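Asker: fold the following.
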Amino acid sequence: MTPDSGVASGLPFVQGRVPETPCRPPVKHSLRLHQDVPEAPSLRFGQRVLLAGAAFLGARVCVQRRAAKSDTLTLEPTRPSRNASRKNQEQPEGPLKGDVFLIQTPLILPSPLPSWIAKALPKHSVVLAGMDGGYAAFDFVPAETDDPGAALQLLLGGSVEGLFGVRRLSGLPRGAVRLGRVAEGATVDNVLRVNQSFDRMLSLTANDCNSYSQSVLQAILEEPDKMVQERLFSTLDWDEMQSSSRVQYKEPSVTNAVVLVAGTTVGAGILALPAVTQPAGFVPSTLALTFSWVYMAVTGLFIAEVACRTMASTGKRATSLQSMVAGSIGPAGAWLSSAAFVFLHMALLIAYCSRGGELLTSLLPILGSAGVPGPAIFAGLFGGFIFLTKGTDALDQGNNAFAVVVAISFFALVALAIPAGDAARLLAVADWGKATDTVPTLLLSLVYHNVVPTVCAQLEGDRGKITTAIVVGSLVPFLMFVVWNAAVLATLPVGSAGDPLEVLRSTGSPLVAGGILTFSLSAIVTSFVGFVVALTDFFADLDNRTDDSSLPLKLRDFALTLVPPVMIACLDPSLFFQAIDKAGAFGVSTLFGLLPAWMVLAKRSSESPVLTRVPEFLGGYVRGPLVPGGPVVPALVALVALLVVGDNALELLHGS
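Answerer: Have a look, this model is predicted:
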């Protein structure tokens, strides 16, 4: 068959059986309908006015279609390749076989709407099934492709008549997700008959352009009622399998996941809390801390949702936030993620080298007697240890030892501070205007998000367990921070100046001073190790390396990681609080605030509602939202991140 010259090029689209509802006479197109289409009444006056306006603006004029049994129809719901061969433009028919896929594409809106509007709207589903010579693509699109009245009706939230049909594709489009095997005996004609079981009116607001896909999948899939199992992965003990040839399953531990999240959260950020919260007072800062915990818990769940969606669609674990951003948002998001990642790590390494060098030379004065700056001594000592032990058990054991010291010294300091504190001091200061100034540091103190993909894989995609691990794992540090803040602020005289921890070190007992020094240095070392390993891995990934077998490249990675922050810290050793604040304001707000919200919106809009809103169908619950509230919550999260970034950018510009 030869398509009419006035019709946009594309593969033919064979219409399924439709109810005998009035529609306008069709023009002659490129493919026959399955049955006669009755003649429709003329356009209403309002539609004629809209049509004239559309023509005036340069839109294509609506044409009359001639009713006949041999009439043809051409649509472009899947935007197939224009290089398709003549053979592939024949009418799809016959048996289906092989696999079933689902792909998300922009909905083809009626003229004269430009294509960019469709790209801004939620994508809709196209069901693909294998057949001889290619794939059959089943789609549901607006029936009136040249009706501006129908276009306006769609955008205003109304519904228009939809058209269900099929076309042939020579190859599998990029981005298609496999859902299962084709049922035995399934044919194109059988699938086209399912339009009797779904709503034939198409509406953007109700996503009716997607609801049809469930009926189509029920007709095509070999096991349409088989749910995706609760576990997306199997945590088999591979070491046991290799050593004894036995299949040993390791039950996922929520407790271990909670400990991982909590241990990642507690770090050097806790050292800055008393100094940052003291000007605002205990009550305002505690409310700000509560808001920050809720905010970071929500963004952590956003990352978990994207990780689960990624695992459900690819069958592979989500390895890192950067890879998830690249897969969800694209190159622009990947660039922003990488820039925020490097900025955050560099800023924190400046802070750790600055304070770590000061504490190390205080603990061992002989180290500072040689005239070498403290930041260089700290980075050389602990950076050298990481360089020599990275990838070995020695690094983990050393880091775990410092983590134990952090826990013991924390509880010892709280036990010493509570009896000496005065609860009245906690209520003596309440400057609500300064509470917002604490938010960047509070956000930084509650970061654990880099381990969320690991938690999702360890818990095998179990959404309930993942939610528990994130909420409880971040709640424990939040409560620790509240207790720590109260214990320190209650022991300080009202109006005292300087870093509260330094004030306590200089005025407290030797036991308190030693405890603060031990706690502070151990907390900085544990954080320093994690950030050095992460940033050197990032630089190694630039070469697509998975190990450190090349000594020159390993030296390069460590030099890129440590030399810039050490040099800056040596120029101004008092940068600890400034670096912490800017890391939270720009790095954390972007990497763990804006980007998770952006990712989850992109993922939700690209997933078919049949895979996200129907829990009992094809394991839809593994892709559904972990945080309720629809798109409003991610939008608010992104807005908060932008406000924090904007406020701090203005402060930098005005030099305040």
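Asker: switch to C-alpha atoms for all contacts and neighbour counts from now on
Answerer: Will do.
Asker: what pLDDT does residue 37 get?
Answerer: Per-residue pLDDT puts residue 37 at 34.
Asker: swap that for residue 555, please
Answerer: For residue 555, the predicted pLDDT is 91.
Asker: that one: which element?
Answerer: Residue 555 is part of helix 551-571 when elements are defined by DSSP states H and E.
Asker: identify the residues contacting that helix?
Answerer: For helix 551-571, the external contacting residues (Cα atoms under 8 Å, 6 or more residues apart in numbering) are 346-347, 349-351, 353-354, 373-376, 379, 383, 387, 532, 535-536, 539-540, 548, 575.
Asker: now with 6 Å, please.
Answerer: 349-350, 354, 375-376, 536, 539, 548 (Cα atoms under 6 Å, 6 or more residues apart in numbering).
Asker: which of these sits closest to residue 510?
Answerer: Ranked by distance to residue 510 (Cα to Cα), the contacts of helix 551-571 are led by residue 354 at 23.8 Å.
Asker: number of residues surrounding that closest one?
Answerer: Burial of residue 354 is recorded as 30 neighbouring residues (other Cα atoms under 10 Å).
Asker: for it, give its distance to residue 502.
Answerer: Per Cα to Cα, to the nearest Å, residue 354 is found 15 Å from residue 502.
Asker: give me the below-cutoff pLDDT ranges for the stretch 401-550 of the chain.
Answerer: Along the stretch 401-550 of the chain, the parts satisfying pLDDT under 70 run over 544-549.
Asker: out of the contacts of helix 551-571, which are inside strands?
Answerer: Among the contacts of helix 551-571, no member falls in strands (criterion: DSSP state E).
Asker: export the residues you listed as CSV, with columns for distance to residue 433.
Answerer: Output for the contacts of helix 551-571, formatted as CSV (distance: Cα to Cα, whole Å):
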residue, distance to residue 433
349, 30
350, 29
354, 29
375, 35
376, 38
536, 40
539, 41
548, 49
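Asker: widest-spaced pair of those?
Answerer: 354 and 548 (27.6 Å).
Asker: quick one on the thing from earlier: quick one: which of the contacts of helix 551-571 is nearest residue 182?
Answerer: Distances from residue 182 to those, taken by Cα to Cα, are shortest for residue 539, at 44.6 Å.
Asker: who's in contact with the closest one?
Answerer: So residue 539 contacts residue 557 (Cα under 6 Å, 6+ apart).
Asker: distance of it relative to residue 559?
Answerer: Counting by Cα to Cα - residue 539 and residue 559 are separated by 10 Å.
Asker: how about residue 537?
Answerer: Distance, residue 537 to residue 559, by Cα to Cα: 13 Å.
Asker: try residue 397
Answerer: 24 Å.
Asker: same check, this time on residue 324
Answerer: Counting by Cα to Cα - residue 324 and residue 559 are separated by 27 Å.
Asker: now do residue 446
Answerer: Counting by Cα to Cα - residue 446 and residue 559 are separated by 28 Å.
Asker: residue 182 now?
Answerer: Where residue 559 is concerned, residue 182 sits at a distance of 55 Å (Cα to Cα).
Asker: related to what we said a few turns ago, comparing residue 537 and residue 559, which residue is more hemmed in?
Answerer: Comparing residue 537 with residue 559 by other Cα under 10 Å, the one with more neighbours is residue 537, at 19 against 12.
Asker: mind naming the longest strand for the protein?
Answerer: strand 159-169.
Asker: restricting to C-alpha, output it in CSV.
Answerer: C-alpha atoms of strand 159-169 as CSV (Å, rounded to 0.1, in the frame of the first residue of the first chain):
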residue,chain,number,x,y,z
SER,A,159,-11.3,13.4,27.3
VAL,A,160,-11.4,12.6,23.6
GLU,A,161,-12.1,9.5,21.6
GLY,A,162,-9.1,7.2,21.6
LEU,A,163,-7.8,4.9,18.9
PHE,A,164,-6.4,1.5,19.7
GLY,A,165,-4.3,-0.2,17.1
VAL,A,166,-1.1,-1.9,16.1
ARG,A,167,1.9,-1.3,13.9
ARG,A,168,5.0,-3.3,12.9
LEU,A,169,8.5,-2.3,14.1
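Asker: what's the pLDDT at residue 33?
Answerer: pLDDT at residue 33 comes out at 30.
Asker: do the same with the one 10 residues further on
Answerer: Reported pLDDT at residue 43 in the predicted model: 41.
Asker: can you count the residues close to the closest residue to residue 491 other than its chain neighbours?
Answerer: Distance criterion Cα to Cα, 6 or more residues apart in numbering; nearest residue to residue 491, sequence neighbours excluded, is residue 421 at 4.2 Å. Neighbours of residue 421 under the rule other Cα under 10 Å: 18.
Asker: what about the strands in this structure?
Answerer: Using DSSP E, strands in the chain cover 14-15, 99-105, 124-131, 134-142, 159-169, 177-181, 201-203.
Asker: could those go into JSON lines alongside mean neighbour count, distance to residue 469 and mean pLDDT?
Answerer: Formatted as JSON lines, these follow (neighbours: other Cα atoms under 10 Å; distance: least, Cα to Cα, whole Å; pLDDT from 0 to 100):
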{"stretch": "strand 14-15", "mean neighbour count": "26", "distance to residue 469": "49", "mean pLDDT": "50"}
{"stretch": "strand 99-105", "mean neighbour count": "22", "distance to residue 469": "32", "mean pLDDT": "80"}
{"stretch": "strand 124-131", "mean neighbour count": "26", "distance to residue 469": "33", "mean pLDDT": "84"}
{"stretch": "strand 134-142", "mean neighbour count": "26", "distance to residue 469": "40", "mean pLDDT": "86"}
{"stretch": "strand 159-169", "mean neighbour count": "24", "distance to residue 469": "43", "mean pLDDT": "84"}
{"stretch": "strand 177-181", "mean neighbour count": "18", "distance to residue 469": "29", "mean pLDDT": "78"}
{"stretch": "strand 201-203", "mean neighbour count": "21", "distance to residue 469": "39", "mean pLDDT": "76"}
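Asker: out of those strands, nearest to residue 515?
Answerer: It's strand 177-181; of the strands of the chain, that one is closest to residue 515 (Cα to Cα) at 55.7 Å.
Asker: the closest one: partners in the sheet, and parallel or antiparallel?
Answerer: strand 99-105 (antiparallel) (DSSP bridges).
Asker: so where's the stretch 1-150 of the chain shaky on pLDDT?
Answerer: Scanning the stretch 1-150 of the chain with the threshold set as pLDDT under 70 gives 1-91, 110-112, 118-123.
Asker: check which helices and strands the longest strand of the chain sits against.
Answerer: strand 14-15, strand 134-142, strand 201-203 (3 or more Cα pairs under 6 Å, 6 or more residues apart in numbering; DSSP states H and E).
Asker: show me how the protein divides into domains.
Answerer: For the chain, automatic domain parsing gives the domain ranges 14-220, 239-654.
Asker: what's the neighbour count on residue 173?
Answerer: Residue 173 has 17 nearby residues by other Cα under 10 Å.
Asker: that one - nearest residue in space that isn't next to it in sequence?
Answerer: Using Cα to Cα, 6+ apart, the nearest residue to residue 173 is residue 103, at 7.8 Å.
Asker: could you do residue 422 as well?
Answerer: residue 490 (5.1 Å).
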